[in-house]
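Enquirer: What would the 3D arrangement of this be:
(2 chains)
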Amino acid sequence: MTRARFAPSPTGMLHIGALRTALYNFLFVRHTGGKLILRIEDTDRTRFVEGAEKDFIQMCRWAGIEFDEGPDIGGDVGPYRQSERTEIYRKHAEMLIERETAYYAFDTSEELDAMRERQQKAGIVPKYDRSSMRNQFTLGDEETRRLLDGGVEHTIRLFVPLTGETRTHDLVRSESLFANRLIDDQILLKSDGFPTYHLANIVDDHLMGITHVIRGEEWLPSLPKHIIMYQAFGWEPPEFAHLPLILNKERKKFSKRDGDVSVEDFVVKGYLPEALVNFIALLGWNPTADREIYSFHEMIESFRLEKVNKAGAIFDNDKLDWMNGMYLRQLSVERLVEDLQPLLEKAGFENVDPGHASAVVELVKERINFVHEVPKFAEYMFGPVKSFDEEYHTKQWKEGTSDQMWELNSRLEGIDEGNWNSKEIEGVIRGYAQELEISAGKLIHPLRLSLTGKRVGAGMFETMEVLGKEKTIGRIQDYLEKH
RNA sequence: GCUCCCAUCGACUAGUGGUUAGGUCACCACUCUUUCAAGGUGGUAGCACGGGUUCGAAUCCCGUUGGGAGUACCA
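Expert: Here you go, the predicted structure:
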């Protein structure tokens, strides 16, 4: 049984990159028939953001990612918030002390800064200097005991051997070799009693029975440290898979500085969950490469960590928008209308008849990528034409156009209310054009202008049908009288 | 600086020793057509570079270059 975890830190709203990490974890466990755990890594009290945890859960649910265990659902290996597990970490840090694979240190932040500065000046790699700083080794056991008993602030650091190498294995990158002398004696337990990420992460992954750690590439450099910690505990490490980073156009890590990067931002901008999920899934992984649209089910079926790419992927908004359009067209009119209703009200169109909204959506869905484009794209369907494209008028309104339109309008008026449909309308218009021996376009363009004010839109006959006889006739007449 | 990771069209990618290097977005053209889309057809465009290994390298090895990440009592 595989067990994976999504372990975000509540330092802000859910990031789009984090959503992809969650997604890959989800696809992996569903593919392998395992369990997905949500764990909140809130060990940094200074960066804690209220509401972040709720956002994670809501956004994942919006995207269709479900957890099997977590702070809101519970489970056998909780609690699932690290801030509620401090006692566990303290105990485990002490276990390491007993195993002599960790040690007490009493240095202040200032002393450490000074150490680093010294090292930098001397051109040495900045790294905790066990032999010159104030710790268990330099102070001796007796002094250490005395300080501890006296309640002096201290940390617990990992004892990393100065010699030898640590070999790491990664499911997407295979093997790497790291020289131990370059690995820092990482602080495991901070002086405030909270663990660092490194300690909490290893302890929890072990205690929670995690078999596969799937996380971002930014963790790759600390992987050897984590392997050493598993050795320090005498535990078997899980499998690791480090995901390629999502990059901005400058090929840098996609971050808050790039604008809207939280999942919520994408929700607000009107992206459909299906489209966003499909899109980010393909950022670093590709099931077949013969097409772009995959259902959640298909993704689960074909997901393999071994098939995940190694290189970072640039986030291409153009393709996302295109994909949103693809999904929008696949969606049922009912669903689209549901999404549209609040947007119509926001645009000032109150009490729009659902039947009318459906008809409009049916007409324009091929031409838009976002539901929120509808109120603007087809504003003439929900209220009077606000403005007329003058350039369009100049281009399409010729000598005699007005006379032809007057005549056409009276012929349209002749259509029975019950026969007011695109087919009938088309017959009248084409018939008249034929009589005049002109192309139908010569009538259709002026019609489009007077009825919608715009030069782009859905098919004219269908538009007139949906608009209704009364409005159609009225608008044509209005336009003729004013121009 | 140091450590590690990475390298196929502008972007996302397929490709794991023998392919005219394939698909998708974007772009261009044509088509359809009442406009705009969508659809259809076609096109521009890529294996970073240099050495090897091999009968044969996008594919394997080494180096160079370039890019990225990490280098905290942050995650």
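
Enquirer: Low-confidence stretches in the stretch 301-450 of chain A?
Expert: The model of the stretch 301-450 of chain A has no residue with pLDDT under 70.

Enquirer: Distance check, the most far-flung residue of chain A relative to its centre against RNA strand B.
Expert: With distances taken from the mean C-alpha point of chain A and given as Cα atoms, centre = their mean, the most distant residue is residue A:435, at 57.6 Å. Residue A:435 sits 16 Å away from RNA strand B, going by Cβ to the nearest atom of the strand, to the nearest Å. (Glycine included, C-beta is placed from N, CA and C.)

Enquirer: Residue A:21 against residue A:243, yeah?
Expert: Yes: in this structure, residue A:21 is within contact of residue A:243 by Cβ atoms under 8 Å, at 6.0 Å.

Enquirer: Chain A: strands as residue ranges?
Expert: Counting by DSSP state E, chain A has strands at residues A:3-6, A:35-38, A:102-105, A:155-158, A:165-170, A:174-179, A:187-189, A:212-216, A:239-243, A:246-247, A:313-314.

Enquirer: out of these, deepest packed?
Expert: When these are scored by mean count of other Cβ atoms under 10 Å, the highest mean neighbour count falls to strand A:3-6 (a mean of 26).

Enquirer: to the chain's geometric centre, what's the distance from the top helix by length along chain A?
Expert: Assignment by DSSP state H gives helix A:16-32 as the longest helix of chain A. Its chain's C-alpha centre and that of helix A:16-32 lie 12 Å apart, by Cα atoms, centre = their mean, to the nearest Å.

Enquirer: who's in contact with residue A:18?
Expert: Applying Cβ atoms under 8 Å, 6 or more residues apart in numbering, one finds that residue A:18 lies in contact with A:6, A:8, A:56.

Enquirer: Next: residue A:478.
Expert: Residue A:478 touches residue A:450, counting by Cβ under 8 Å, 6+ apart.

Enquirer: Spit out the contact partners of residue A:182.
Expert: Listed by Cβ under 8 Å, 6+ apart, the contact set of residue A:182 reads A:125, A:127.

Enquirer: Residue A:44: neighbour count?
Expert: Residue A:44 has 17 neighbouring residues, counting by other Cβ atoms under 10 Å.

Enquirer: Please tell me the pLDDT value assigned to it.
Expert: The model reports residue A:44 with a pLDDT of 94.

Enquirer: For it, give its distance to residue A:53.
Expert: In this view, residue A:44 and residue A:53 are 14 Å apart by Cβ to Cβ, to the nearest Å.

Enquirer: Now do the helices in the stretch 151-300 of chain A.
Expert: Listed in chain order, the helices of the stretch 151-300 of chain A (DSSP state H, counting those that start in this stretch) span A:197-207, A:223-233, A:263-268, A:273-281, A:296-302.

Enquirer: if we can go back for a sec, with distance to RNA strand B as added columns, please give the strands of chain A in a markdown table.
Expert: Converted to a markdown table, those look like this (distance: least, Cβ to the nearest atom of the strand, whole Å):
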| stretch | distance to RNA strand B |
| --- | --- |
| strand A:3-6 | 12 |
| strand A:35-38 | 13 |
| strand A:102-105 | 8 |
| strand A:155-158 | 5 |
| strand A:165-170 | 8 |
| strand A:174-179 | 3 |
| strand A:187-189 | 4 |
| strand A:212-216 | 8 |
| strand A:239-243 | 8 |
| strand A:246-247 | 6 |
| strand A:313-314 | 3 |
